[in-house]
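1. sequence plus predicted model, see below.
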Amino acid sequence: MLREGADRNKLVLGIPLYGRIFKLKNAECGVGLQKDSDGAGLQGPYVQEPGFWGYNEVSFCSCDGICRRETE
């Protein structure tokens, strides 16, 4: 864009800070890529839309699935 003459002071960089969550068809298969899903996962406490968590919801969850509030 800059090579084409765009003004660097007018460019805006967007970073998607959200997470998509799906319910696994077979939870015993573990987690990972390309697992069969059965629709949207749980809704987060703030966005409150099934299968979609905002950054503030994802950021307090650890890899072991335990979610902690930022104040804890």
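-> Looks like it arrived, so ask away.

2. just the strands from the protein, written as ranges.
-> Listed from the start of the chain, the chain has strands (DSSP state E) covering 18-20, 22-24, 37-40, 52-54.

3. and the last one, what does it pack onto?
-> Here strand 52-54 is seen to pack against strand 18-20 when contacts are counted using 3 or more C-beta pairs under 8 Å, 6 or more residues apart in numbering; DSSP states H and E. Bear in mind the C-beta positions are built from the backbone N, C-alpha and C, glycine included.

4. helices or strands up against the strand it packs on?
-> The elements that strand 18-20 packs onto, with contact taken as 3+ C-beta pairs under 8 Å, 6+ apart, are strand 52-54, helix 55-58.

5. comparing those by mean pLDDT, which bottoms out?
-> With a mean of 80, helix 55-58 has the lowest mean pLDDT of those.

6. which of the strands of the chain sits most buried?
-> Neighbour counts averaged per stretch over the strands of the chain are highest for strand 52-54, at a mean of 18; criterion: mean count of other C-beta atoms under 10 Å.
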